[in-house]
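[1] sequence plus the predicted model coming up.
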Amino acid sequence: MKYTTMARRLATITIASFITLIGAGVSQAGTIEDGIVERIQAVGTVCIAGEDCAKAVVVVAAGPKSAKDIYQSGCAACHSSGAAGAPKIGNAADWEPRIALGIDSLYATALNGRGGMPARGLCPSCSDDEIKSAVDHMIEGL
Ligand code: HEC
């Protein structure tokens, strides 16, 4: 075989395998990218109840708010500082005489109001259970 023929063959083989490698690389990259897109969607696709959830992977119900959230938005204004004589959150001395009257008595005041305590605090749209959970949150551990 002449040197030039051999060189040409070698070059052809090299180019051919190079192209194969590039092809493999591209399809590999495609697979990885598809996987990433899938994973991002699984975490990032959140559907609030009431919205069109056709494409949703994870469904998050706009259900009851957490006790802490209700406390923060509806009760903390008075119950963190003790404003207007409100019993302070987590303060045993403030709460013990009240707790002694029973949890239902606390729930009733929270729901119906009394003196400086407005009915349902600052959350008139909260359900009974949500208000009760906020009461539980305030006296937790006492
Ligand atoms: C505007 C101020 C204010 C806000 C807002 C407020 N409270 Fe009160 N709360 C008071 C005051 C003042 C008292 C003391 C009333 C009394 O004993 O006469 C009180 C008392 C209470 C008591 C004790 C009731 C009892 O029978 O001794 C509970 C339980 C309570 N609040 C729950 C809540 C919850 C739950 C929220 C939020 C959803 C809330 N409060 C928001 C002012 C407030």
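    Great, that's in hand.
[2] where exactly do the helices run in the chain?
    Applying DSSP state H to the chain gives helices spanning 3-44, 67-70, 76-79, 92-99, 103-112, 128-139.
[3] lowest-confidence stretch among those?
    Sorting the helices of the chain by mean pLDDT places helix 3-44 lowest, at a mean of 57.
[4] need the residues of the chain near the ligand, please.
    70, 74-75, 77-79, 83-87, 98, 105-106, 109-110, 114-118, 120-123, 131, 134-135 (C-beta under 6 Å from any ligand atom). Backbone N, C-alpha and C define where each C-beta goes, glycine included.
[5] can you tell me which of these are buried?
    70, 74-75, 78-79, 86-87, 106, 109-110, 117, 120-121, 123, 131, 134-135 (16 or more other C-beta atoms under 10 Å).
[6] could you report the neighbour count for residue 64?
    13 (other C-beta atoms under 10 Å).
[7] got a list of what it touches?
    By C-beta atoms under 8 Å, 6 or more residues apart in numbering, residue 64 lies in contact with 127, 129, 130, 133.
[8] any quick PyMOL command for the buried ones out of those residues?
    In PyMOL syntax, the buried subset of these is picked out as below (16+ other C-beta under 10 Å):
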select buried, resi 130+133
